[in-house]
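Peer 1: got a sequence here, can you build the structure:
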Amino acid sequence: MELQKPTHVVLLSSPGLGHLIPVIELAKHLVLHHNLKATVLAVTSQTSLAEKQILNSSLIPSICHIIDIPSPDITNLVHKNDSVFTRLCVLMREAKPAIKSILSKTTPLPSALIVDPFGHESITLGRELNILTYTFVATHAWALALVVYSPVLDEQIEGEYVHQKEPLQIPGCSPLRPEDVFDPMLNRKDRQYEEYLKMAKGIPQSDAVLVNTWEELQHKSLESLREGGLISEALNMKIPVYAVGPLVREPELETSESTRSLLTWLDEQPSESVVYVSFGSGGTLSREQMRELAWGLELSERRFVWVVREPVDKIVDAAFFTTGNNEGDAVAKYLPEGFVSRTRGLGLLVQEWAQQMNILRHGSIGGFVSHCGWGSTLESVTNGVPLAAWPLYAEQRMNATLLAEELGLAVRPIELSTKKVVRREEIARMVKEVIPGDESGKPNRVRERVKEMQQSALNALSEGGSSYAALSQVAKTIVE
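Peer 2: Presented below is the predicted three-dimensional model:
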């Protein structure tokens with residue numbers, strides 16, 4: 001008797017590690033735990049070394065097939081000052097012919113297409129080919145709620161969102177401070193706001209939405225999005241919403257020489273004594289902020305591992321399309337004079353990009369100064385590492401508020417890091433708060449809370465857990 005071949009699912013990722021990594025992890029879970037066959041279509045930037053390293057990981061080809069779709073030339077379709085958000089939307093729109101060609105030539109046709117939000121216009125390809133189409137949101141449920149409800153806010157609110165005196169009301173969810181809105185909502189006259197509203201209207205057109213969170217973490221927001229919930233009723237959005245996370249990458253088996261040296265240094269440090277500092281694959285700091293951060297780390301008197309890249313004034317996502325290309329010690333000249341020599345033995349500087357999961361899982365890491373990208377947040381929580389929230393762009397201000405004020409998983413600066421330079425004293429305070437040191441003698445509630453959520457995340461992904469069951473239901477629907 002011939003064995004039935006696994007049902008084939010195609011997943012579509014837009015450029016950027018924050019999109020690519022969760023999509024690959026979702027594909028791996030569908031293959032390894034739910035007996036599906038998966039192909040990932042990765043529209044890549046072609047300029048990011050980190051992106052290439054992820055795609056060339058020796059582990060991925062044995063689990064799922066990766067098709068690299070080079071970014072189409074959009075030079076004549078965008079202005080030089082257009083945002084990363086706008087560029088990603090245009091890139092994914094222009095990649096549709098290549099995506100359609102691959103899908104239509106796949107024999108037999110895949111049973112489902114799963115797109116990330118920037119690929120929302122490819123939902124129509126699923127309709128044309130008569131296959132199920134899902135949207136996979138790599139961030140959390142509160143963020144998804146804001147996105148899909150934005151067309152209603154667009155009609156209700158006059159003027160700029162950031163000028164509103166009262167929090168924005170999202171039915172069934174926590175209110176949102178105007179200053180915490182997504183980047184595309186900061187200027188309603190900008191092109192990215194128009195693209196953002198298209199995305200907001202496009203996501204509910206899919207057959208279901210998968211969210212990279214778990215039931216026990218965000219039950220309230222998830223229920224509002226589901227049929228019968230307040231947002232669902234307001235939008236007449238009657239599609240399933242599945243919490244399938246936290247989907248995070250595994251530590252890399254093949255480590256670089258620099259990573260091995262770093263891990264050896266961490267082996268020599270006391271348990272939970274080192275703060276890890278990184279602003280994601282695309283974040284950059286200004287020259288002034290970079291110097292204040294250096295002084296703050298020195299002032300904290302805590303051990304540190306800092307992923308540094310050349311500062312870029314005023315453009316916080318300047319490294320998005322070029323992560324990992326710089327070499328040498330180009331950033332040293334931007335640090336305070338004598339900083340490197342004064343902190344020798346106390347801290348390590350890592351140029352441009354690091355194998356983050358290998359670092360976060362190490363027992364010597366006790367805190368994470370993070371931009372609060374949702375991928376990095378989940379990597380931190382699943383390793384039981386408390387955060388010092390330092391949002392830069394995209395939805396990160398919202399993430400920081402969620403982590404610090406609602407979930408109790410992070411501390412944050414008094415002044416918004418996106419509005420003012422965070423001074424050294426404030427940086428030192430945050431670092432000491434996540435890594436109190438022996439002199440404190442007080443229980444660390446943030447650390448305790450992170451440990452609780454670490455276990456909750458593990459339970460959700462385990463067989464019988466909420467996320468495992470949700471993804472099982474998705475797989476069952478696809479197969480049927």
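
Peer 1: so Ile123, which state does it fall into?
Peer 2: Counting by DSSP: H, G, I helix; E, B strand; the rest coil, the backbone at Ile123 sits in helix.

Peer 1: Lys220 reaches Pro171, doesn't it?
Peer 2: No - using Cβ atoms under 8 Å, Lys220 is not in contact with Pro171, being 11.2 Å away. Every residue, glycine included, has its C-beta placed from N, CA and C.

Peer 1: which parts of the chain are strands?
Peer 2: 8-13, 37-44, 65-70, 112-115, 132-137, 208-211, 241-243, 274-278, 303-308, 347-351, 365-370, 387-389, 410-411 (DSSP state E).

Peer 1: of all these, which one is nearest Leu88?
Peer 2: strand 37-44 (9.0 Å; Cβ to Cβ).

Peer 1: I would like the residues contacting that closest one, please.
Peer 2: Strand 37-44 is contacted from outside by 5-15, 20, 23-24, 27-28, 30-31, 51-52, 55, 63-71, 91-92, 95, 99, 102, 106, 110, 119, using Cβ atoms under 8 Å, 6 or more residues apart in numbering.

Peer 1: how does it look with 7 Å?
Peer 2: 6-15, 20, 23-24, 27, 30-31, 51, 55, 64-71, 91-92, 95, 99, 102 (Cβ atoms under 7 Å, 6 or more residues apart in numbering).

Peer 1: who does that strand pair up with?
Peer 2: strand 8-13 (parallel), strand 65-70 (parallel) (DSSP bridges).

Peer 1: export the ones you listed as JSON lines, with columns for mean pLDDT.
Peer 2: Output for the strands paired with strand 37-44, formatted as JSON lines (pLDDT from 0 to 100):
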{"stretch": "strand 8-13", "mean pLDDT": "97"}
{"stretch": "strand 65-70", "mean pLDDT": "92"}
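
Peer 1: okay, these in CSV with distance to Glu216 next?
Peer 2: Listed next are the strands paired with strand 37-44 as CSV, based on distance: least, Cβ to Cβ, whole Å:
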stretch, distance to Glu216
strand 8-13, 25
strand 65-70, 32
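
Peer 1: before we move on, back to that, just the buried residues of the contacts of strand 37-44.
Peer 2: Using 16 or more other Cβ atoms under 10 Å as the burial test, the contacts of strand 37-44 include 7-15, 20, 23-24, 27, 30-31, 51, 55, 64, 66, 69, 71, 91-92, 95, 99, 102 as buried.

Peer 1: quick one, which of the strands of the chain gets closest to Gln473.
Peer 2: For Gln473, the closest of these is strand 241-243, at 6.8 Å, according to Cβ to Cβ.

Peer 1: so what are the sheet partners of that closest one and their directions?
Peer 2: Its sheet considered, strand 241-243 pairs with strand 208-211 (parallel) by DSSP bridges.

Peer 1: would you agree Gly296 is in contact with Met430?
Peer 2: No - contact status for Gly296 versus Met430: not in contact, 8.2 Å apart, counting by Cβ atoms under 7 Å.

Peer 1: neighbour count: the two, which is higher?
Peer 2: Met430 (24 against 21; other Cβ atoms under 10 Å).

Peer 1: next up, the contacts around the more buried one.
Peer 2: Met430 neighbours (Cβ under 7 Å, 6+ apart): Ala388, Val411, Pro413.

Peer 1: which of those residues has the most neighbours?
Peer 2: Neighbour max across the contacts of Met430 (other Cβ under 10 Å) = Ala388, 27 neighbours.

Peer 1: okay, and the beta partners of it?
Peer 2: Applying DSSP bridges, one finds that Ala388 bridges with Val369, Val411.

Peer 1: report the separation between it and Val350.
Peer 2: Using Cβ to Cβ, to the nearest Å, one obtains 18 Å as the distance from Ala388 to Val350.

Peer 1: burial measure for Leu153, as a count.
Peer 2: 19.

Peer 1: thought it was touching Gln169?
Peer 2: No - taking Cβ under 7 Å as the definition, Leu153 is not a contact partner of Gln169, at 8.6 Å.

Peer 1: low-scoring stretches of this protein, by residue?
Peer 2: Judged against pLDDT under 70, the low-scoring parts of the chain cover residues 1-5, 46-53, 55-59, 61, 314-330, 416-419, 438-443.

Peer 1: what's Leu266 in contact with, if anything?
Peer 2: Val274, His362, Ser364.

Peer 1: residue contacts, the first one?
Peer 2: So that's Val274. Leu266, Arg303, Phe304, Val305, Ser364, Ile365, Gly366.

Peer 1: quick one, domains of the chain?
Peer 2: The record's domain parsing of the chain by automatic domain parsing lists 8-247+465-479, 257-435.

Peer 1: check the offset of the longest one from the chain's centre.
Peer 2: The chain centroid and the centroid of domain 8-247+465-479 are separated by 12 Å, computed with Cα atoms, centre = their mean, to the nearest Å.

Peer 1: quick one: terminal-to-terminal distance for it?
Peer 2: Start and end residues of domain 8-247+465-479 are separated by 9 Å (Cα to Cα, to the nearest Å).

Peer 1: kindly report the same for stretch 380-393.
Peer 2: End-to-end for stretch 380-393, by Cα to Cα: 19 Å.

Peer 1: which residues of the stretch 351-480 of the chain fall in helices?
Peer 2: Along the stretch 351-480 of the chain, the stretches classed as helices by DSSP state H, counting those that start in this stretch are 356-360, 374-382, 396-401, 424-434, 445-461, 466-479.

Peer 1: closest one to Pro311 among the ones you listed?
Peer 2: Going by Cβ to Cβ, the one of these nearest Pro311 is helix 424-434, 15.5 Å.

Peer 1: that closest one vs strand 303-308, what angle?
Peer 2: In terms of direction (axes from the mean of the first three to the mean of the last three Cα atoms, to 10 degrees), helix 424-434 departs from strand 303-308 by 120 degrees.

Peer 1: helices along the stretch 151-300 of the chain, start to end?
Peer 2: Under DSSP H, counting those that start in this stretch, the stretch 151-300 of the chain gives helices at 191-202, 215-225, 230-235, 257-267, 287-300.

Peer 1: let me have those in JSON lines, adding distance to Ile478 as columns.
Peer 2: As requested, the helices of the stretch 151-300 of the chain are exported to JSON lines (distance: least, Cβ to Cβ, whole Å):
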{"stretch": "helix 191-202", "distance to Ile478": "21"}
{"stretch": "helix 215-225", "distance to Ile478": "21"}
{"stretch": "helix 230-235", "distance to Ile478": "22"}
{"stretch": "helix 257-267", "distance to Ile478": "37"}
{"stretch": "helix 287-300", "distance to Ile478": "46"}
